[in-house]
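>>> I'll drop the sequence and a predicted model, then ask my questions.
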Amino acid sequence: MKQAFLAMILLALAGCSGQSETSYTVDELVGDAAMLAKIITECRNNPGELRDTPNCSNAEAADGKLRLERMRRSLGS
């Protein structure tokens, strides 16, 4: 019984010890082109694991937003 309890405690601690990645907002990524490029590269190189992470979603949204802004400028709007 004590071994089972100890095993549960160790598993709980192991689950809590993982470092959480900083999540960036779309606006933060729009303002930091280097960070945006880094995150997009990582996400596109490993879509199976990273596709559904907040940073990948926000990076794709920021990239789309920047593309639309560039299109509007080029069209003179």
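Arrived safely.
>>> Regarding the residue most central in space within the chain, what is its secondary structure?
Residue closest to the average C-alpha location in the chain (C-alpha atoms, centre = their mean): Asn55, at 1.8 Å. Three-state assignment for Asn55 (DSSP: H, G, I helix; E, B strand; the rest coil): helix.
>>> For the helix or strand that contains Asn58, buried residues please.
Assigned by DSSP states H and E, Asn58 belongs to helix 54-75. By neighbour count on 16 or more other C-beta atoms under 10 Å, the buried set for helix 54-75 is 55-56, 58-60, 62-63. C-beta here means a position set from N, CA and C on the backbone, and glycine is covered the same way.
>>> likewise stretch 28-48?
For stretch 28-48, burial by neighbour count (16+ other C-beta under 10 Å) applies to 29-30, 36, 39-40, 42-43.
>>> tally of neighbours for Val22?
One correction, residue 22 is Thr, not Val. The number of residues packed near Thr22 is 8, by other C-beta atoms under 10 Å.
>>> Lowest-scoring secondary structure element of the chain by mean pLDDT?
Using mean pLDDT, DSSP states H and E, the weakest-scoring helix or strand in the chain turns out to be helix 2-16, at a mean of 62.
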